[in-house]
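Chemist: test case, fold it:
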Amino acid sequence: MHDLIIRNGYIVNGTGEKGFIGDIAVDGDRISRIDLMIHEKGLKEIDAAGKVVIPGFIDPHVHEEWVCMIDGTYELFLRQGVTTVVNGNCGHSIVPGPVDNVIEYYYGNGLMSDKQRDDYKKRFPDWNDYAGYKKAVEEKGTNINFVTLLGHGTIRWSVMGGAFDRPPTPEEAEKIESIIRHNMEQGAWGISFGLDYVPSRYADMDELVTVANLIKEYDGVAAAHLRQSIGVKEATDEFIEVGRRSGVKIQVSHLKATCPEAFEAVAKAAGEGIRILTDTIPRSTGHCTSKARLIQFIMAVSDELFAAGTEGVKKALKTKEGREIIKKDAYIFAGDKSDKYVILSQDPHLEGRTVKDIAEERGIDPDECMLDLIADENNYVFWLGGPSRADFPDAGHADSIVSNPYVCVGTDEILGDVEDPYDWYELQRRGGFPIFMQMYLSKDVPVEEIVRRNTSMVARHFGIANRGELKNGYYADISVIDLENYRFPSPKEIDYRKPLTVAEGVDTVIVNGKIAIENGQLKSPHSGRVLDRDTK
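Modeler: Next up is the predicted model:
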């Protein structure tokens, strides 16, 4: 008698091998048997006839490290068949503590609102390092597994006392190294850089390689939001050079499909022996952003306004000089404003209209109109980019990207506010895996290869032992998918007023042997774990 048996499914084991129809037995938190037919009974049996049975997908690029302190359900991932995520990306870190320090950094980078900052300081348990964070998560509970990177930005900012455009002093560099070593020795998985964000963007090649060399000692991974301000291909080459000089495993984060040459550079680097993968967001629209959050983003991306806080941005909006600073720095709403919408407005006359259209009606410059809207007393949610985002287009990927064996999904799902979903959200990322699946199936990529790229390939690169494959003795992270109905609504189909939209077509999800979705119904076993780098 087995604890659980999944019967009659098309088993795709994650290695790229051809699938077959068979049964899988689970006992405890492990897969105990895979066969064409298992004659023993199960205490629980799942009929997967007509469905595809796969290892749970692994998302190597998300920002969900503290969401479980509020809600550990993670439905949006389970509904895609994801059982493990890599947190701590883009330079943003859960250390060094105390937790108030981490919250201040996230707030300063626009990743928490004023309300969240004040509330979370009261509600979050305290931690000072990776081990303390792991304990806090385990006490709260999570439905999915966490792999957690350290964030260069948070560590640098904490040690240097702010975001400074200079190298660390020898004393500061020694302290940064001490923090990294301490947390890597506790089980952290590597480091992430946010090379478009302060303060990581102030790091030159020497600083990046120095940090990467530390991570290499632990066989960890260095991931990077690239320095895209120099160009996507150029930024890719820069980070590949970090991998070349240090020998560390590197993850090129959310590479833009509009630059096939950058993906080709990744494949070429892999051919040279550099240990490299890249993830990409399969489809993305503009971000839907509340006014309060947008003011934070203006602060976060501006060298001159970063230290002034949100009140400094509000003051800058009232002066000509301040507005010039904002227009110079705030690339997040650059352009002619034809793709910047006002939605969920208190003023019905503005509802659903572009800022360009409003500016024409008012007879003013579109930049000034945008600033006027941010500065007025009404509350809005802005849609920055609208339904068609140029850098992650709906049209699909070039053939050279589709055939590149080093490309996987990274949804880059944003944290937002769990308790106020209208504060900041992007809908298409909530369906990254079904979007990628259907996009690549339409290009005649076998389902076995699509699954491999998003399971065993990622697990092996990050060193996630005994996961990413359906194999005897491996952890029972399993998803059962109705492939024909595995989908997420397109930008034309979706209602942008529904920020909690989730994917369809996932029948059953098992995390560490426990059922998290059964017959399409969400459970909450909290069987996910914070994995250590040496977990076997």
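
Chemist: gap between the residue positioned nearest the centre of the chain and residue 89?
Modeler: The residue lying closest to the centre of the chain (C-alpha atoms, centre = their mean) is residue 62, at 1.8 Å. Distance, residue 62 to residue 89, by C-beta to C-beta, to the nearest Å: 7 Å. All C-beta spots, glycine's among them, are computed from the backbone N, C-alpha and C.

Chemist: so the residue nearest to the centre of the chain sits against residue 87, correct?
Modeler: Yes. Contact criterion C-beta atoms under 8 Å: residue 62 and residue 87 qualify, at 6.2 Å.

Chemist: so residue 289 lies in a strand, does it not?
Modeler: Yes. Under DSSP: H, G, I helix; E, B strand; the rest coil, residue 289 sits within a strand.

Chemist: partners of it in the sheet?
Modeler: Applying DSSP bridges to residue 289 gives these bridge partners: residue 382, residue 424.

Chemist: give me the neighbour count for residue 475.
Modeler: Other residues lying near residue 475 total 29 when counted by other C-beta atoms under 10 Å.

Chemist: give me phi/psi at it?
Modeler: phi -60, psi 140 (degrees, to the nearest 10).

Chemist: can you check residue 467 too?
Modeler: In terms of degrees, to the nearest 10, the main-chain angles of residue 467 are phi -140, psi 170.

Chemist: hmm, residue 474 and it touching each other?
Modeler: Yes. The pair residue 467 / residue 474 is scored as a contact, 6.4 Å apart, by C-beta under 8 Å.

Chemist: now list whatever residues contact both of those two.
Modeler: In terms of C-beta atoms under 8 Å, 6 or more residues apart in numbering, residue 467 and residue 474 are both contacted by the residues residue 55.

Chemist: who's more crowded, those two?
Modeler: residue 467 (27 against 21).

Chemist: contacts only, for the more buried one.
Modeler: Residues near residue 467 by C-beta under 8 Å, 6+ apart: 55, 56, 58, 84, 145, 459, 474, 475, 477.

Chemist: kindly report the same for residue 216.
Modeler: Contacts of residue 216 (C-beta under 8 Å, 6+ apart): 246, 247, 248.

Chemist: by neighbour count, which of those wins?
Modeler: residue 248 leads these on contacts (other C-beta under 10 Å) with 26 neighbours.

Chemist: what distance do you get for that one to residue 51?
Modeler: Distance from residue 248 to residue 51, by C-beta to C-beta: 39 Å.

Chemist: again, but for residue 14
Modeler: Using C-beta to C-beta, residue 14 is found at 16 Å from residue 51.

Chemist: repeat that for residue 388.
Modeler: 33 Å.

Chemist: give me the more crowded residue out of the two.
Modeler: Set residue 388 next to residue 51 and count neighbours by other C-beta under 10 Å: residue 51 wins out with 23 against 15.

Chemist: looks like that one contacts residue 484 (just checking).
Modeler: No. The pair residue 51 and residue 484 does not pass the contact test of C-beta under 8 Å, sitting 9.7 Å apart.

Chemist: all helices of the stretch 101-250 of the chain, in order?
Modeler: Counting by DSSP state H, counting those that start in this stretch, the stretch 101-250 of the chain has helices at residues 114-123, 130-140, 152-160, 170-185, 205-217, 232-246.

Chemist: so the shortest one versus helix 205-217, what angle?
Modeler: This means helix 152-160. 110 degrees (axes from the mean of the first three to the mean of the last three C-alpha atoms, to 10 degrees).

Chemist: make 30 the starting number, not 1.
Modeler: Okay, using 30 as the starting number, the last item reads as helix 181-189.

Chemist: and helix 181-189, what does it pack onto?
Modeler: Here helix 181-189 touches helix 128-137, helix 199-214, strand 219-223, going by 3 or more C-beta pairs under 8 Å, 6 or more residues apart in numbering; DSSP states H and E.

Chemist: go through the first one and flag the buried ones.
Modeler: In this case it means helix 128-137. 128, 131, 132, 133, 134, 135, 136, 137 (16 or more other C-beta atoms under 10 Å).

Chemist: quick check: the two most widely separated of those residues?
Modeler: Distances among the buried residues of helix 128-137 were taken as C-beta to C-beta; the most separated pair is 128 and 137, at 14.8 Å.

Chemist: ranking the helices of the stretch 130-279 of the chain by burial, who's on top?
Modeler: Ranked by mean neighbour count, the helices of the stretch 130-279 of the chain are led by helix 181-189 with a mean of 24 (mean count of other C-beta atoms under 10 Å).

Chemist: now tell me what touches that helix from outside.
Modeler: 119-125, 130-131, 134, 137-138, 192, 197, 201, 204-205, 208-209, 220-223, 226-229, 232, 240.

Chemist: any idea how far residue 464 is from residue 437?
Modeler: Residue 464 sits 13 Å away from residue 437, going by C-beta to C-beta.

Chemist: next, the buried residues of the lowest-mean-pLDDT helix or strand in the chain.
Modeler: The weakest-scoring helix or strand in the chain, judged by mean pLDDT, DSSP states H and E, is helix 320-330 (a mean of 87). For helix 320-330, a neighbour-count test (16+ other C-beta under 10 Å) marks 320, 322, 323, 324, 325, 326, 327, 328, 329, 330 as buried.

Chemist: my guess is the first one contacts residue 403, does it?
Modeler: Yes. Applying C-beta under 8 Å as the test, residue 320 and residue 403 come out as touching, 6.2 Å apart.

Chemist: who touches both of the two?
Modeler: In contact with both residue 320 and residue 403: no residue, using C-beta under 8 Å, 6+ apart.

Chemist: for residue 418, which three-state class applies?
Modeler: With three-state DSSP as the criterion, residue 418 reads coil.

Chemist: contacting residues around it?
Modeler: 313, 314, 315.

Chemist: count residues in the vicinity of the closest residue to the last one other than its chain neighbours, would you?
Modeler: When you say that, I think you mean residue 315. Counting by C-beta to C-beta, 6 or more residues apart in numbering, residue 414 is the residue found nearest to residue 315 once chain neighbours are left out, at 2.1 Å. Around residue 414 there are 23 other residues, counting by other C-beta under 10 Å.

Chemist: for residue 414, give its distance to residue 201.
Modeler: Note on residue 414: its distance to residue 201, by C-beta to C-beta, is 37 Å.

Chemist: from residue 273, how far out is residue 302?
Modeler: In terms of C-beta to C-beta, residue 302 sits 9 Å off from residue 273.

Chemist: list the residues that contact residue 157.
Modeler: Residues counted as contacts of residue 157 (C-beta under 8 Å, 6+ apart) are 124, 125, 126, 127.

Chemist: scan those and report the most crowded one.
Modeler: In the contacts of residue 157, the most neighbours by other C-beta under 10 Å go to residue 124, 27 neighbours.

Chemist: correct me, but residue 342 touches residue 358?
Modeler: No. If you go by C-beta under 8 Å, residue 342 and residue 358 don't touch, sitting 10.3 Å apart.

Chemist: any common contacting residues for these two?
Modeler: Counting by C-beta under 8 Å, 6+ apart, the shared contacts of residue 342 and residue 358 are 327, 331, 334.

Chemist: residue 322 touches residue 454, doesn't it?
Modeler: No. The criterion here is C-beta under 8 Å, and residue 322 misses it with residue 454 at 10.0 Å.

Chemist: quick revisit: can you tell me the element the residue nearest to the centre of the chain falls in?
Modeler: Using DSSP states H and E, residue 91 sits in no helix or strand.

Chemist: show me what contacts it?
Modeler: Contact partners of residue 91, counting by C-beta under 8 Å, 6+ apart, are 106, 114, 115, 116, 118, 439, 440, 441, 442.

Chemist: packing partners for the helix or strand encompassing the second one?
Modeler: Applying DSSP H and E as the criterion places residue 114 in strand 111-116. In terms of contacts (3+ C-beta pairs under 8 Å, 6+ apart), strand 111-116 is packed against strand 86-88, strand 174-177, strand 507-510, strand 535-540.

Chemist: thanks again, I'm all set now.
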